[in-house]
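Enquirer: Predicted model follows, preceded by the sequence.
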Amino acid sequence: MLMEPGWTIWDPRAGESVHEMLGVHGGLSADEMWVPLIVRECAC
């Protein structure tokens, strides 16, 4: 799914309080695509 500038998808759970979104991901701008990926091996 590719987001348009200024769009946000929010699917609240029953009883969840409304809060301000400080940041969201999913856009195609250079800032939004520069999100670090952290990979950690699981010792399961």
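Expert: Perfect, thanks for sending it. Numbering: from 1, shown residues only.

Enquirer: any low-confidence regions in this structure?
Expert: Judged by pLDDT under 70, the chain has its weakly predicted residues at 1-2, 21-27.

Enquirer: Just the helices from it, written as ranges.
Expert: With DSSP state H as the criterion, the chain has helices at 30-33.

Enquirer: Can you report how many residues neighbour residue 32?
Expert: Neighbourhood size, residue 32 [other CB atoms under 10 Å]: 14. To be clear about C-beta, it is placed using only N, CA and C from the backbone, and glycine gets the same treatment.

Enquirer: Would you quantify the distance from it to residue 11?
Expert: Distance of residue 32 to residue 11, computed by CB to CB, to the nearest Å: 20 Å.

Enquirer: residues contacting residue 41?
Expert: Neighbour list for residue 41: empty [criterion: CB atoms under 8 Å, 6 or more residues apart in numbering].

Enquirer: end to end, how far does stretch 34-44 reach?
Expert: End-to-end distance for stretch 34-44: 30 Å, by CA to CA, to the nearest Å.

Enquirer: I meant stretch 33-44, not that one.
Expert: 31 Å.

Enquirer: List the buried residues of that stretch.
Expert: When neighbours are counted by 16 or more other CB atoms under 10 Å, no buried residue of stretch 33-44 is found.
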